[in-house]
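J.: Have a look at this prediction, sequence included:
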Amino acid sequence: MSSLGAGGAERSSALLSKMLDYLGYEVYLITMLNRIDYKYHGKLLNLGLIKDSNPSFLGLIKRYRLLKETLAKEKFDLIIDNRTRPIFFKELLLSNLFYKNQKLLYVIRSRKLSVYLSKKTIFTSLVYNNDHFYVGVSKEIEDKVKQIYGFENVFSIYNPLDFKELESLANTSIKFSGKYILFYGSLKDKTKNISMLIDAYKKSVLPSKKIRLLILGDGDDLQKLKQKANTNLIVFKPFTKNPFPYVKNALFTCLTSRYEGFPRVVIESLALGTPVVSVNCSGSREIIKHAYNGLIVNNDTELYKQALNMFILEQNKYLACKKNAKSSVKHLRMSAIAKQWEQIVKNIT
């Protein structure tokens, strides 16, 4: 995996290590970057430590030598690759020099398949083919992989929720009061489309009612978004390992991404009893039932503004969604998702 920190995909990878450990498997994690924010189970080889101490080409050689030695020594029954994999020639090298003769399961955590499977070309089969297994985090991703790449061993397993841990973390006190709505995640506007959220919020009735927009996270576009916000009713706070007190106390959370996989923002919010206003993107439409546990609209500023207004002006609709939020994601509890992983791992190994 790339790392164990800062993102929803990384949190899901950490939870996967816990589930496999609970199932009785010996878990060995290898991270390429030195960022460990989330609790995990198993042994850890943090190649990012070498990268930080020796970022030169020689350091790169050292990292890959250690990776190859570890794979040869441990003789893993199955490698589950959770990384993003956008660079074809890098994956071709890994496939032929490191993964050769290994049982492989590739996880695909985004509807933008090229991030995880490289772009489909006549050379794609040199790395990805029907000898391997693929798990998408939504049914839509599974269907799309089958359609575009023609693979047969493709499955979908939703991201899990650790309800007990979420509730425990959410009960931590925070220094933020009053009514607010929440965006939390990486501040990458090209992907997360936070500019649209800011525009919709400004045009909505929320500012006139002194309901703030809290944007929680870090990223390259922080300063650009602060300049766009230009009001003290839009508050920016840095990334925190524990965003869940903010989630639990928000009126609702917001998702405006151009594409997703199976967004943790949505399922974590619902698990804490907080409804979601989301655009109609991959994953969210497999979780949110419009006007039942949240609102889902097309990716359009005017439509999103109307959805924000609806939750403020139509309290009966908002309260109904809030009431249904937790129960709507009970099927994602770790014990249920672990059984699905157990079945796939047994079939492969």
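T.: Yep, it's here. Numbering: from 1, shown residues only.
J.: contacts and neighbour counts: CA atoms only from here.
T.: Fine.
J.: so where's the stretch 151-300 of the chain uncertain?
T.: By pLDDT under 70, the stretch 151-300 of the chain has no low-scoring segment.
J.: for it, what spans make up the helices?
T.: 163-170, 189-192, 194-203, 222-229, 244-249, 264-271 (DSSP state H, counting those that start in this stretch).
J.: Roughly how far does the closest residue to Tyr28 other than its chain neighbours sit from Phe311?
T.: Distance criterion Cα to Cα, 6 or more residues apart in numbering; nearest residue to Tyr28, sequence neighbours excluded, is Lys43 at 4.8 Å. Computed as Cα to Cα, to the nearest Å, the Lys43 to Phe311 distance reads 45 Å.
J.: Looking at the two, which is more packed in?
T.: Each of Lys43 and Phe311 has its neighbours counted (other Cα atoms under 10 Å); Phe311 has more, 22 against 12.
J.: show me what contacts the residue nearest to the more buried one when sequence neighbours are not counted?
T.: Excluding the flanking residues, the one nearest Phe311 by Cα to Cα, 6+ apart is Tyr318, at 5.1 Å. By Cα atoms under 8 Å, 6 or more residues apart in numbering, Tyr318 lies in contact with Pro275, Ala291, Gly294, Met310, Phe311, Ile312.
J.: tell me the SS of Tyr318?
T.: The assignment at Tyr318 comes out as helix when based on DSSP: H, G, I helix; E, B strand; the rest coil.
J.: how close does it sit to Phe236?
T.: Distance from Tyr318 to Phe236, by Cα to Cα: 25 Å.
J.: and stretch 256-276, how far out from the chain's middle?
T.: Chain-centre distance of stretch 256-276: 9 Å, with Cα atoms, centre = their mean, to the nearest Å.
J.: Output that stretch as PDB - backbone C-alpha positions only.
T.: Taking C-alpha atoms only, stretch 256-276 is exported to PDB below (Å, rounded to 0.1, in the frame of the first residue of the first chain):
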ATOM      1  CA  THR A 256     -18.900  17.200  -4.000                       C
ATOM      2  CA  SER A 257     -16.200  14.900  -5.600                       C
ATOM      3  CA  ARG A 258     -16.000  14.500  -9.400                       C
ATOM      4  CA  TYR A 259     -15.400  10.800  -8.900                       C
ATOM      5  CA  GLU A 260     -15.000   8.500  -5.900                       C
ATOM      6  CA  GLY A 261     -14.800   4.800  -5.100                       C
ATOM      7  CA  PHE A 262     -16.900   4.000  -2.100                       C
ATOM      8  CA  PRO A 263     -16.400   7.200  -0.100                       C
ATOM      9  CA  ARG A 264     -15.700   6.800   3.600                       C
ATOM     10  CA  VAL A 265     -16.900  10.400   4.200                       C
ATOM     11  CA  VAL A 266     -20.400   9.200   3.400                       C
ATOM     12  CA  ILE A 267     -20.400   5.900   5.400                       C
ATOM     13  CA  GLU A 268     -18.600   7.300   8.400                       C
ATOM     14  CA  SER A 269     -21.100  10.200   8.600                       C
ATOM     15  CA  LEU A 270     -24.100   8.000   8.400                       C
ATOM     16  CA  ALA A 271     -22.600   5.600  11.000                       C
ATOM     17  CA  LEU A 272     -22.400   8.500  13.400                       C
ATOM     18  CA  GLY A 273     -26.000   9.600  12.700                       C
ATOM     19  CA  THR A 274     -25.100  12.500  10.500                       C
ATOM     20  CA  PRO A 275     -26.900  12.800   7.100                       C
ATOM     21  CA  VAL A 276     -25.000  13.600   3.900                       C
END
